[in-house]
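> sharing a model prediction with you, sequence too.
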Amino acid sequence: MAKSMLIHKSESRQEKLNKFIPILMVLFVFIGTLPSVLAQEVIKSPLGFAMEKPKGWIVTNDEKMTESLKNVELTDEIVTGLLKSRNNSLQVMAFQKYQTDEREGPIPTIQARMRPNPIDTFDVFTAAFLRSIDPSKMPFENYLIVSKEEVLVSGYKAVKVISTYSLAGQSTRVRSYAVPVGKQYFQVTFIDNPPGEDCSAVFDSLVKSIKIERGTPKKT
């Protein structure tokens with residue numbers, strides 16, 4: 001009798017385990033696919049620049065330019081010629097948070113551009129870049145440089161500048177990263193309108209996602 005009860009209890013535990021195994025299998029499959037589910041889409045430019053697409057934002061790239069660049073071997077000479085034909089500024093990628101016709105007032109935007117860099121050393125480049133955004137030269141109302149510092153972007157030395165100005169009665173904040181890469185530099189600009197539209201967390205994450213695959217980072 002006791003032996004029969006022991007067998008019954010053992011079988012009961014086995015039955016419970018058999019029911020639990022499928023649940024474990026589903027859980028393991030879910031955990032295994034989690035990284036791909038959570039991964040952000042990465043936008044890659046033929047100019048050697050990649051960055052995650054901000055979730056829910058609208059891509060406003062120049063698609064014709066992007067497609068045409070995919071069919072060209074982008075040597076320094078070719079890129080120099082393209083820059084000259086485009087007033088020394090090539091759009092790399094661009095995003096905005098809302099459709100223009102769906103929102104009144106300023107809209108948070110992100111834009112990456114490539115520009116020519118005739119300067120060999122980082123310190124001289126930094127000084128030249130800061131001169132180009134001197135408040136006395138800016139057409140914006142109440143334009144002010146809040147901070148400037150040296151940072152790393154994708155392993156490259158970069159200048160980070162935060163500035164503010166007034167637009168349509170609203171405070172506008174601009175984060176600019178200037179990243180010299182050989183004979184060109186990437187300028188990545190993040191614009192938001194705090195406190196109502198504070199995109200700091202999104203922008204911080206995007207900067208960390210930037211990958212530059214053009215040239216070799218310099219130490220000077």
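Okay, I see it. Note that the structure is predicted; figures quoted are calculated from it, not measured. Residues are numbered from 1 along each chain as shown.
> okay, CA-based contacts and neighbour counts for the rest of this
Fine.
> quick check: next helix or strand after the one helix or strand Lys160 maps to?
Using DSSP states H and E, Lys160 falls within strand 156-167. Using DSSP H and E, the helix or strand that follows strand 156-167 in sequence is strand 170-181.
> tell me what that next one is packed against?
If you count contacts as 3 or more C-alpha pairs under 8 Å, 6 or more residues apart in numbering; DSSP states H and E, strand 170-181 packs onto helix 122-132, strand 156-167, strand 184-192.
> now the strand holding Lys160 - C-alpha only, PDB.
In PDB, the C-alpha atoms belonging to strand 156-167 read as follows (Å, rounded to 0.1, in the frame of the first residue of the first chain):
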ATOM      1  CA  TYR A 156      37.200  59.500 -33.500                       C
ATOM      2  CA  LYS A 157      38.000  62.700 -31.700                       C
ATOM      3  CA  ALA A 158      35.100  65.200 -32.100                       C
ATOM      4  CA  VAL A 159      34.000  68.600 -31.000                       C
ATOM      5  CA  LYS A 160      30.600  68.700 -29.200                       C
ATOM      6  CA  VAL A 161      28.900  72.000 -28.900                       C
ATOM      7  CA  ILE A 162      25.500  72.700 -27.300                       C
ATOM      8  CA  SER A 163      23.800  76.000 -28.200                       C
ATOM      9  CA  THR A 164      20.400  77.600 -27.800                       C
ATOM     10  CA  TYR A 165      18.300  80.200 -29.500                       C
ATOM     11  CA  SER A 166      14.700  81.400 -29.800                       C
ATOM     12  CA  LEU A 167      12.500  80.400 -32.700                       C
END
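> so what strands line up beside it?
Sheet partners assigned to strand 156-167 using DSSP bridges are listed as strand 141-153 (antiparallel), strand 170-181 (antiparallel).
> ok, which of these comes nearest Thr189?
strand 170-181 (4.5 Å; C-alpha to C-alpha).
> need the contact list for Glu52.
Counting by C-alpha atoms under 8 Å, 6 or more residues apart in numbering, Glu52 makes contact with Gln40, Glu41, Val42, Ile43, Leu206, Ser209, Ile210.
> got the domain ranges for this protein?
1-39, 42-212 (automatic domain parsing).
> show me where the protein has helices.
Ranges of helices within the chain are 2-38, 63-69, 76-85, 122-132, 200-209, based on DSSP state H.
> pLDDT below threshold where in the protein?
1-39, 65-66, 68, 215-220 (pLDDT under 70).
> coming back round to it: out of the domains of the chain, which is the most enclosed?
domain 42-212 (a mean of 16; mean count of other C-alpha atoms under 10 Å).
> one step back: so which of the contacts of Glu52 belong to strands?
Val42, Ile43 (DSSP state E).
> which of the contacts of Glu52 sits closest to Ser85?
Using C-alpha to C-alpha, Ile43 comes nearest to Ser85 of the contacts of Glu52, at 24.5 Å.
> the closest one reaches Ala50, doesn't it?
Yes: between Ile43 and Ala50 there is a contact under C-alpha atoms under 8 Å: 5.6 Å.
> ok, the nearest residue to Thr80 once chain neighbours are set aside - contacts?
Once flanking residues are discounted, Thr80 sits nearest to Pro116: 7.3 Å by C-alpha to C-alpha, 6 or more residues apart in numbering. Listed by C-alpha under 8 Å, 6+ apart, the contact set of Pro116 reads Thr80, Leu83, Asn88, Ser89, Lys183, Gln184, Tyr185.
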